[in-house]
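Student: Sequence and computational prediction follow.
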Amino acid sequence: MAEGYPLMSSATVLDDCAGAIDWYKKMLGARQRLRLDMPGGMVAHCELGFGDAVLMLGSPMSPQFPAKKATFSLCVKNCDATYRKAVGAGARSLQEPADQFYGDRNARFEDPFGNEWSVTTHIKDVSAREMKKAMAKMGGAS
């Protein structure tokens with residue numbers, strides 16, 4: 001494994017990759033690790049750091065790399081503030097912030113580039129037993 005890379009990383013290919021990079025840096029606090037641009041505003045490869053996680057992005061390059069949307073989950077200090085900031089900057093709300101039975105508060109939105117984000121803030125520790133009880137009450141798994 002290369003030094004400075006997690007065991008697993010996510011990737012997305014976006015039509016407006018350059019715009020997404022800027023948006024993710026401003027709205028979600030991403031740190032640009034590497035960016036390789038091509039002529040005409042295309043991005044050959046970009047790596048954004050979110051803590052110790054890496055999101056790799058690029059512009060479509062047919063036929064090998066068509067545009068491909070993704071779904072991401074990001075732990076943040078304040079999911080309410082992150083959600084409001086994102087929606088205020090053009091994201092589409094999918095779920096307003098709410099406390100969840102498993103001990104997190106989360107919200108979901110679709111960014112202006114078509115990717116879906118779940119932003120989560122841990123609010124309390126919940127045991128596996130308590131989660132199973134809550135699931136049973138909701139009609140889920142026992």
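Tutor: Nice, I can see it.
Student: from here on, contacts and neighbour counts on C-alpha atoms
Tutor: Noted.
Student: Who are the contact partners of the residue nearest to A70 when sequence neighbours are not counted?
Tutor: Leaving aside its sequence neighbours, A70 sits nearest to N115 (CA to CA, 6 or more residues apart in numbering; 5.2 Å). Going by CA atoms under 8 Å, 6 or more residues apart in numbering, N115 touches K69, A70, T71, F72.
Student: can you tell me which of those residues are in helices?
Tutor: Among the contacts of N115, no member falls in helices (DSSP state H).
Student: Look at the residue nearest to A70 and report its pLDDT.
Tutor: In this prediction, N115 carries a pLDDT score of 97.
Student: how about it, phi and psi?
Tutor: phi -80, psi 150 (degrees, to the nearest 10).
Student: State the distance from it to M135.
Tutor: N115 is 28 Å from M135, where distance means CA to CA, to the nearest Å.
Student: and if you look at H122?
Tutor: 19 Å.
Student: can you check K124 too?
Tutor: Taken as CA to CA, the span from K124 to M135 is 17 Å.
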